[in-house]
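Engineer: no sequence on this one, just coordinates:
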């Protein structure tokens, strides 16, 4: 099953921006994948995109009246490429691009419920959001769980609304890499590992090789730190004027419930989906007045 190997490859080779609790919740599925116990997966449903009109009715973009707001989901673990059971951010980005170019759509609400995912899953969505904004169609984030890579994306949108005061959490601005060194287990079974590099390749895979020996300095400095700094700088730029830099841990991985997230400037307000749609329409009017 190609989709199985695609998922395992992403999990094992990628650098992740993901909230740890969310990552751990995926471990049973990973275990089944690795042990080939997951023999069947429910085929994914169509991407649940819709449009909401002035009177609150929803439907397809083609049947929606002009001035409608597109509702697009970003739910679950973020991966760049989709699989049999889930959508990749490249596909969600395509939906954003389609909505931004549709004559009946004036703005977009991105419904986010995600603990993050792979770092390479971020750019397709950032690019699509920028394209929509460039067309004069603002994007509002309506979020429940919005952590790590998901918050990276949300920070680029025009306005962030936490959906409720009970479960909504935002933050976890940081990156991590995790891998299992299983050589010892195989060596006890008589397997010998040989890794040979050309004399000219003195720096090839050096951070990873050092990490296998217990020295994480290079992988932190050369791989994780540059991405973490880019993440932090992007959030500071996108949330300029809103972010309270005096709040401990705000750019260092701390999670915040809705009320504290609004106080810290990670979110703009708390409200339901109707309020998000209303805000998107207000911003669309502001965009049109700037033309």
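Structural biologist: Received, thanks. Treat the numbers as computed from the prediction; the structure is a model and nothing was measured.
Engineer: Name the nearest residue to residue 206, sequence neighbours excluded.
Structural biologist: Closest residue to residue 206 in three dimensions, ignoring its sequence neighbours and counting by CB to CB, 6 or more residues apart in numbering: residue 218, at 5.9 Å. Every residue, glycine included, has its C-beta placed from N, CA and C.
Engineer: hang on, I meant residue 217
Structural biologist: The nearest residue in space to residue 217 (CB to CB, 6+ apart) is residue 210, at 7.1 Å.
Engineer: ok, residues contacting the helix or strand hosting that neighbour?
Structural biologist: Using DSSP states H and E, residue 210 sits in helix 206-212. If you take CB atoms under 8 Å, 6 or more residues apart in numbering as the criterion, helix 206-212 is touched by 179, 181, 183, 195, 216, 217, 218, 219, 222, 223.
Engineer: tell me the pLDDT at the fifth one?
Structural biologist: What the model reports for residue 216 is a pLDDT of 94.
Engineer: and it, how many neighbours?
Structural biologist: 14 (other CB atoms under 10 Å).
Engineer: Now it. Nearest residue, chain neighbours left out?
Structural biologist: residue 210 (7.5 Å).
Engineer: now swap in the third one and tell me
Structural biologist: Across the structure, with CB to CB, 6+ apart as the measure, the residue nearest residue 183 apart from its sequence neighbours is residue 193 (5.6 Å).
Engineer: mind checking the SS state of that neighbour?
Structural biologist: coil (DSSP: H, G, I helix; E, B strand; the rest coil).
Engineer: Contacts only, for it.
Structural biologist: Counted by CB under 8 Å, 6+ apart, residue 193 has contacts 183, 186, 187.
Engineer: Residue 77: which of the residues you listed is nearest?
Structural biologist: Closest approach to residue 77 among those (CB to CB): residue 183, at 27.6 Å.
Engineer: what about the closest one, distance to residue 192?
Structural biologist: From residue 183 across to residue 192, the span is 10 Å (CB to CB, to the nearest Å).
Engineer: which of those two has more neighbours?
Structural biologist: Set residue 183 next to residue 192 and count neighbours by other CB under 10 Å: residue 183 wins out with 12 against 7.
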